[in-house]
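In: fold the stuff below for me.
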Amino acid sequence: MGKRTGYLVAIAFIAGAVGLAAVLVSLAPEPDTHEPPSQIPYVDTARIVAGTGPIPVRGAGTVRPSAEVDIAPQVGGRVVWVDGDFVSGRHVEAGQVLFRVEEADYEFRVREAEAALAARQVALLEAREDAAIAQAEYERYAQRQPENASGEPNPLTLHIPQLKAAHAALAREEAALAQAKLALSRTRVAAPFDGVVHDESVDVGQLVTPGQSVGRLYSSDAVEVVVSLSDADAALIPRLWQYDRESQPVVAVVFAEYGDVAYAWRGYVDRADASLDAETRTIDVIVHVPDPFAPGVPAAASAAGQDTTPPLLLGKFVEVAIEGSVPVDYFRVRRAALRADDEIWVVRDDGTVRVVPVRVLQRIDDDVYVTGELEGGQLAVTNGIRFATDGMAVRAGEARRR
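Out: Below is the predicted model of the structure:
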């Protein structure tokens, strides 16, 4: 009886456990079901923009003067006066006297030349009179003795060489007087053009010699920027090799930073060197900027209220944007969309990829300018896949421009 009771208890315990397990299983929540992830790759894209207007050509260079000369006297002597503007950094005007050399010695030479000229003028009058007397005497002689005066008279008899010598002596003294007056005028050294004094080294009392450089002056009317460009970039500049001053100039804008503000000056393409640089294999394009001392225009609207606007200083490293050509049917695309083989992967409306070969015209910052079988508004793959084939399916999402 005891064994039977024990078996029954065990059976009841097992049955209860099984029932409890069944209840717990029936009360458990249903597991979530998910569709397997798509095998179609996801890509970032950017819109292709149809190009309008000229393609900018970007470069950089250093500002240099369009004209620069050494200031040196043409005559020697002691400096007796120096203009207060003849100091480094000051502006001077064309014809403005910068300094004077002592004039006394040169005034004396002018007087000596004037006296010598007066003496030669008297000598010429005497020679003319002598020639006239000689001519009259010869004519009377020819009338009295025609048989002896049938031939040509000797020039010395008529004082012809003496008269020519008197004329030559007078011309020599006139030249000497003109030279003396020129030397006197050169005691005043003037600026050859409107400019800015770069440096000077002359003071009152200093002895100077002809040709001795005492300062340097560069033109304030204009400056130049030499921009080194690749042949591909230079090819985008219209009429670069057929420059004509009568034609419409190619506009260029020069940007220079002062502090945290960028300023702009308007110029134009003046010319290009006719040879490649031996080291960089680039073409030097010269941009001419008129009136560099006019205040620059702030490139950002927030900086328009600046109290001080600087000039375009010599030696400043600047960026240049040249107005390039206007090709037919070109496009602007994010640089990340351009592939190594000059291809762009375009996403069709049905979500498949089309590989489009393109010709790169220009690369500027994060954009490239290309020509090819593209359309404005299309999506170009910028990221997400490393390889693509025509007809490959993708899931596209448009990336935001940073």
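
In: what residues of stretch 391-398 count as buried?
Out: 392, 394, 396 (16 or more other C-beta atoms under 10 Å). All C-beta atoms are positioned from the backbone trio N, CA, C, and that covers glycine.

In: I misspoke; the intended subject was stretch 108-127.
Out: For stretch 108-127, by 16+ other C-beta under 10 Å, it's 109-110, 113, 116-117, 120, 123-124, 127.

In: tell me the one among those nearest to Val204.
Out: For the buried residues of stretch 108-127, the minimum distance to Val204 (C-beta to C-beta) is 23.0 Å, reached by Arg109.

In: the closest one is in what secondary structure piece?
Out: Using DSSP states H and E, the element containing Arg109 is helix 104-144.

In: which other helices and strands does that helix contact?
Out: helix 160-185 (3 or more C-beta pairs under 8 Å, 6 or more residues apart in numbering; DSSP states H and E).

In: let's go with 10 Å and repeat that
Out: Under the contact definition 3 or more C-beta pairs under 10 Å, 6 or more residues apart in numbering; DSSP states H and E, helix 104-144 sits against strand 77-82, helix 160-185.

In: wait, which of these is closest to Arg266?
Out: Across the helices and strands packed on helix 104-144, closest to Arg266 is strand 77-82 (C-beta to C-beta), at 37.1 Å.

In: what lines up beside that closest one in the sheet?
Out: In the sheet, strand 77-82 lines up against strand 97-101 (antiparallel), strand 207-208 (antiparallel) (DSSP bridges).

In: can you say which of the ones you listed is packed in most?
Out: strand 97-101 (a mean of 21; mean count of other C-beta atoms under 10 Å).

In: that one to helix 160-185, inter-axis angle?
Out: 120 degrees (axes from the mean of the first three to the mean of the last three C-alpha atoms, to 10 degrees).

In: residues in contact with strand 97-101?
Out: 71, 73-83, 85-86, 92, 183-184, 186-191, 197, 200, 202-204, 206-208, 210, 214-215, 217 (C-beta atoms under 10 Å, 6 or more residues apart in numbering).

In: and with 8 Å instead?
Out: Strand 97-101 has contacts (C-beta atoms under 8 Å, 6 or more residues apart in numbering) with 71, 73, 75-83, 85-86, 92, 186-191, 202, 208, 214-215.

In: so Gly195 sits against Gly95, correct?
Out: No - counting by C-beta atoms under 8 Å, Gly195 stays clear of Gly95, with 11.7 Å between them.

In: which of the contacts of strand 97-101 are buried?
Out: Among the contacts of strand 97-101, those that count as buried by neighbour count (16+ other C-beta under 10 Å) are 71, 73, 75, 77, 79, 82-83, 86, 92, 187, 189-191, 202, 208, 214-215.

In: what's the helix or strand for the residue nearest to the spatial centre of the chain?
Out: By C-alpha atoms, centre = their mean, the mean C-alpha position of the chain lies nearest to Val225, the distance being 2.3 Å. According to DSSP H and E, Val225 maps onto strand 222-229.

In: which elements pack onto that strand?
Out: Checking 3+ C-beta pairs under 8 Å, 6+ apart, strand 222-229 ends up next to strand 56-65, strand 283-290, strand 317-323.

In: closest to Val353 out of those strands?
Out: Of all the helices and strands packed on strand 222-229, strand 56-65 comes closest under C-beta to C-beta, at 30.4 Å.

In: could you point out which element follows the closest one?
Out: Using DSSP H and E, the first helix or strand after strand 56-65 is strand 68-71.

In: and that next one, what does it pack against?
Out: strand 215-219.

In: okay, now the unreliable bits of the stretch 201-350 of the chain?
Out: 243-246, 300-308 (pLDDT under 70).

In: swap in 80 and give it another go.
Out: Applying pLDDT under 80 to the stretch 201-350 of the chain flags the ranges 241-247, 299-309.

In: my guess is Arg332 contacts Tyr369. True?
Out: Yes - contact criterion C-beta under 8 Å: Arg332 and Tyr369 qualify, at 5.7 Å.

In: common neighbours of the two, please.
Out: Contacts common to Arg332 and Tyr369, judged by C-beta under 8 Å, 6+ apart, are Gly51.

In: perfect, I'm done here.
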